[in-house]
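[1] coords please:
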Amino acid sequence: MACCRGLSVRAVLNDDGTKTGMYEIPADGRRFRALALLVKQKRLGRTAPIPCILREAGSDILAEDDSLAENMQRVALHPLDQFRAFVTLREKGQGDEAIAATFFVTPQVVKQRLKLAAVAPALLDVYAEDGMTLEQLMAFTVNPDHDRQIQVWDVISSSWNKDPFQIRRMLTETSVRASDRRAVFVGAEVYEAAGGAILRDLFQGDDGGWLEDIALLDRLVSDRLQAEAEALATGGWKWIEVALDLPYGYNHGLRRLSGDPAPMSDEEGASHAALLAEYSALEDEYAGQDEISEEVDAPRLGELELAMEAIEARPLVFDLDEITRAGAFVTLDSSGQLSVYRGDVRPEDEPRAETAADDGTDADAVQMGQELTAHRTLALREALGRSPDVADVAPDEAGG
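    Predicted coordinates for the structure are as follows:
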């Protein structure tokens with residue numbers, strides 16, 4: 001019975017802060033009405049004592065706390081009521097941690113409820129009338145643009161495919177995944193510091209979210225690639241080309257310098273030796289086994305291989321004379337890492353042989369002409385030897 005349960009009451013104060021002797025009932029309104037009905041039915045005396053839970057006027061516990069906590073435990077609220085109640089508590093100054101502690105949920109749950117309450121009011125009304133599922137409503141939280149949310153719902157509601165995945169896809173189709181190589185190259189922190197917004201999904205793994213401002217992202221990528229190219233230019237390269245993507249055959253017709261692998265430093269050599277020793281020890285320990293035992297630390301073997309490969313992948317060192325006539329390409333690889341291809345020589349930058357004539361005639365051309373003249377002379381002598389009658393006329397004609 002209501003009379004066996006306590007009422008939550010709060011002291012009413014005068015303007016000067018003194019108690020008036022009166023008490024308000026900020027929560028438990030339903031229970032108070034039940035007590036009034038018992039009095040009307042003569043089942044409870046007007047002066048019967050009722051246990052009360054007294055809250056001071058300045059208590060940190062809000063009336064909404066008491067009301068919502070009681071309703072959540074007594075009846076199953078519509079989820080939308082809980083979403084909106086959490087918003088009310090937030091507007092009254094309570095943080096996520098405080099709200100979570102009050103209702104024995106995690107701060108992440110509070111964030112999710114607040115995110116749901118921030119969906120377009122028109123869609124919340126549809127949800128309240130069971131016009132969409134909770135999973136569909138969750139999908140709409142990925143993009144805070146109410147107009148776009150309503151546009152997507154107008155399309156989805158008349159379509160056979162109302163899957164939450166389809167809703168998320170449509171709401172993020174003009175954005176870039178955080179796993180995109182451009183986003184990986186720039187970094188989310190740099191993008192956000194430049195004023196870019198990231199769409200996040202609080203209800204499922206979003207792989208870092210979606211970067212909304214593609215133009216900003218592309219500008220940041222271009223700026224960083226140019227900065228890398230300028231740093232590379234200090235090494236003396238004759239030219240540097242920068243491109244997000246290099247076309248197939250980008251270096252066709254160019255000569256690639258061979259170069260020599262840079263030697264390892266003492267520190268790199270010691271690290272490589274330690275990695276190799278550990279790798280060999282693991283291999284020796286399980287050598288001869290037909291199948292790899294579960295005890296073998298396979299992931300560790302892979303880590304050791306990658307670490308050794310990183311040290312062994314030495315950058316090439318070129319002669320200074322070669323660098324001054326060669327160039328480099330700066331681009332991104334498929335994983336968003338910087339890729340630099342050094343040492344390509346264009347045909348017009350190839351070293352030329354010294355000329356053998358004052359007019360600058362190429363030495364090879366002069367030599368070739370001399371060889372051809374010699375061959376013609378030999379051929380003429382052979383012909384004259386086989387035809388003496390021609391030999392008598394040839395000198396006259398040659399002289400004429």
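[2] Please make it C-alpha for all contacts and neighbour counts, starting now.
    Fine.
[3] Not counting residues beside it along the chain, what's closest to Phe185?
    Ranked by C-alpha to C-alpha, 6 or more residues apart in numbering and with sequence neighbours excluded, the top spatial neighbour of Phe185 is Gly336, at 4.9 Å.
[4] which ones are touching that neighbour?
    180-185 (C-alpha atoms under 8 Å, 6 or more residues apart in numbering).
[5] Residues in a beta bridge with Asn177, which ones?
    Not quite, residue 177 is Arg, not Asn. Trp210 (DSSP bridges).
[6] Was I right to think it contacts Leu217?
    No: judged on C-alpha atoms under 8 Å, Arg177 makes no contact with Leu217 at a distance of 11.3 Å.
[7] Neighbour count: those two, which is higher?
    Leu217 (24 against 20; other C-alpha atoms under 10 Å).
[8] what sits in contact with each of Arg177 and Leu217?
    183, 211.
[9] What ranges in this structure fall below the confidence cut-off?
    Residue ranges of the chain with pLDDT under 70: 1-21, 23-32, 34, 50-78, 287-298, 353-400.
[10] One more pass at 80, please.
    For the chain, the stretches with pLDDT under 80 are 1-39, 41-79, 102-104, 284-299, 315, 352-400.
[11] how about the helices in the stretch 151-300 of the chain?
    All helices of the stretch 151-300 of the chain, identified by DSSP state H, counting those that start in this stretch, fall at 164-171, 181-186, 188-193, 214-233, 266-285, 298-312.
[12] Mind listing what's buried along the fourth one?
    Burial within helix 214-233, assessed by neighbour count using 16 or more other C-alpha atoms under 10 Å, is assigned to 214, 217, 220-222, 225-226, 228-229, 232.
[13] Could you do the third one as well?
    Neighbour-count burial for helix 188-193 flags 188, 191 (criterion: 16+ other C-alpha under 10 Å).
[14] what residues does that helix touch?
    Outside helix 188-193, the residues that reach it (C-alpha under 8 Å, 6+ apart) are 178, 197-198, 216-217, 220.
[15] CA atoms only for that helix, dumped as CSV, please.
    Below are the C-alpha coordinates for helix 188-193, written out as CSV (Å, rounded to 0.1, in the frame of the first residue of the first chain):
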residue,chain,number,x,y,z
ALA,A,188,42.4,12.9,-36.7
GLU,A,189,44.0,15.4,-34.2
VAL,A,190,45.4,17.6,-37.0
TYR,A,191,42.2,17.5,-38.9
GLU,A,192,40.1,18.5,-35.9
ALA,A,193,42.6,21.2,-34.9
